[in-house]
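>>> coords please:
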Amino acid sequence: MHRIKSIDWPAWLGTLALIICFREGAVWLMTQFHYPELGNLVGLIGLLLLLLLWRNLHKLPARLVDTNNKIMKESAFAFLPISAGSLVMLVHMGKEIPIFLIVMCLSTLIPLWVYAKMAKRWL
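Residues are numbered from 1 along each chain as shown. Here you go, the predicted model:
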């Protein structure tokens, strides 16, 4: 009989709280500078810098790494509705499609590539 692996709820809740707090804090901070749309990016960069700093001083907890891996794996499904909305928007863009696609590819692929390199090297 297969044993069902139990969920580490404190690690999940702690990881999610860390992500949400950084994101909301960054959105609030960037709103003070009148650029709230940069909040997600600033939050992501801030969290990555904190984790890199922590990694250089201490070892990252295995629970945090495991939970992060599960979140990243499962969150791929969250992008399906966004992709459908993007396709609808593309239909209405006309001549602006090429520049939009370039910006979208660069702003998506480069951060994902950097994250993969960082995760492979430091985590």
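
>>> May I ask you to name the longest helix in the chain?
Across the chain, the longest stretch assigned as helix under DSSP state H is helix 97-122.

>>> Report pLDDT for the residue positioned nearest the centre of the chain.
Centroid-nearest residue in the chain: residue 44, 6.4 Å away (criterion: C-alpha atoms, centre = their mean). pLDDT, residue 44: 85.

>>> mind checking which helix or strand it is in?
Element membership of residue 44, judged by DSSP states H and E, is helix 39-57.

>>> Report all helices and strands that that helix contacts.
In terms of contacts (3 or more C-beta pairs under 8 Å, 6 or more residues apart in numbering; DSSP states H and E), helix 39-57 is packed against helix 9-32, helix 97-122. In this view, the C-beta of every residue, glycine as well, is placed from N, C-alpha and C.

>>> can you rerun that using 6 Å?
helix 9-32 (3 or more C-beta pairs under 6 Å, 6 or more residues apart in numbering; DSSP states H and E).

>>> same for the helix it packs on, what does it pack against?
Counting contacts by 3+ C-beta pairs under 6 Å, 6+ apart, helix 9-32 packs against helix 39-57, helix 62-74.

>>> could those go into JSON lines alongside distance to residue 90?
Shown next, in JSON lines, are these (distance: least, C-beta to C-beta, whole Å):
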{"stretch": "helix 39-57", "distance to residue 90": "22"}
{"stretch": "helix 62-74", "distance to residue 90": "26"}
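
>>> Out of these, name the one with the poorest average pLDDT.
Across these, the lowest-scoring stretch is helix 62-74, with a mean of 82.

>>> For the longest helix of the chain, what is the distance to the chain centroid?
Centre-to-centre, helix 97-122 and its host chain are 12 Å apart (C-alpha atoms, centre = their mean, to the nearest Å).

>>> can you state the direction angle for it and helix 62-74?
Relative orientation of helix 97-122 versus helix 62-74 (axes from the mean of the first three to the mean of the last three C-alpha atoms, to 10 degrees): 150 degrees.
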